[in-house]
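[1] Just a sequence and a predicted model for now, questions to come.
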Amino acid sequence: MRDNMIQHYKHTQVGYLIIVVMAAVMVLIGITLTSAGTNWIAIGVLIIIALALVLFSSLTVVIWDEEMEVRFGPGLIRKRFKLNEIESFEVVKNRWYYGWGIRITPHGILYNVSGFNAVEIKLIAGKKYRIGTDVPQELEAAIRRALSKK
């Protein structure tokens, strides 16, 4: 579908704090396994953390001709928005307790890997989404440019 579409914007934010914390926890579990012997619960937790590290270590936003895509890590977890379904958008600040990852907030669903800055998108259908980014003004400008071409 995107073979003949032009990519107008792409930015990847790396969640360095998430990476450091998850890697530290993995090292602690590894040390525990080495000293205490095989523990299947610890191995299971280690596998889950490793998967979460791969899946949620970065957030990439891409704007194509007709849609915007938000994807975590390698792209197994993603959300697409048709540009013609976006009613409004604005730069916002998230509360610290909204957290990182995919969260339900009072302002809609949040996709975030680091920091508190985001661009809130309101769809014509009324749903709201917040896309975390370390360059909120750039993302807002890219959405504005993409919508002006419609």
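    Perfect, thanks for sending it.
[2] what's near enough to touch residue 55?
    Each residue near residue 55 by C-beta atoms under 8 Å, 6 or more residues apart in numbering is listed here: 72-74, 76-77. Just so you know, the C-beta spots here come from the backbone N, C-alpha and C atoms, and that holds for glycine as well.
[3] Backbone torsions only: list them for the nearest residue to it once chain neighbours are set aside.
    Take residue 55 and drop its neighbours on the chain: the residue closest to it by C-beta to C-beta, 6 or more residues apart in numbering is residue 73, 4.7 Å away. Main-chain dihedrals, residue 73, degrees, to the nearest 10: phi 50, psi -130.
[4] do residue 76 as well
    phi -70, psi -30.
[5] per-residue pLDDT, it?
    Confidence at residue 76, expressed as pLDDT, is 95.
[6] again with residue 150
    Confidence score, pLDDT, at residue 150: 62.
[7] show me where this structure has helices.
    For the chain, the helices defined by DSSP state H occupy 16-36, 40-56, 136-148.
[8] which of those helices sits most buried?
    Stretch with highest mean neighbour count among the helices of the chain: helix 136-148 (a mean of 16; mean count of other C-beta atoms under 10 Å).
[9] Run through who's touching that one.
    8-9, 11, 61, 63, 68, 83, 86, 89-92, 117-119, 121, 131, 133.
[10] what residues are up against the closest residue to residue 72 other than its chain neighbours?
    Spatial nearest neighbour of residue 72, excluding adjacent residues (C-beta to C-beta, 6+ apart): residue 56 at 5.3 Å. Contact partners of residue 56, counting by C-beta under 8 Å, 6+ apart, are 15, 18, 72-73, 77, 100-101, 113.
[11] Retrieve the pLDDT associated with residue 56.
    pLDDT, residue 56: 93.
[12] still on that earlier bit, out of the contacts of residue 55, which are buried?
    Among the contacts of residue 55, those buried by neighbour count (16 or more other C-beta atoms under 10 Å) are 72-73.
[13] Make a markdown table out of the contacts of residue 55 and add distance to residue 109.
    Formatted as a markdown table, the entries for the contacts of residue 55 read as follows, by distance: C-beta to C-beta, whole Å:
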| residue | distance to residue 109 |
| --- | --- |
| 72 | 13 |
| 73 | 18 |
| 74 | 21 |
| 76 | 17 |
| 77 | 12 |
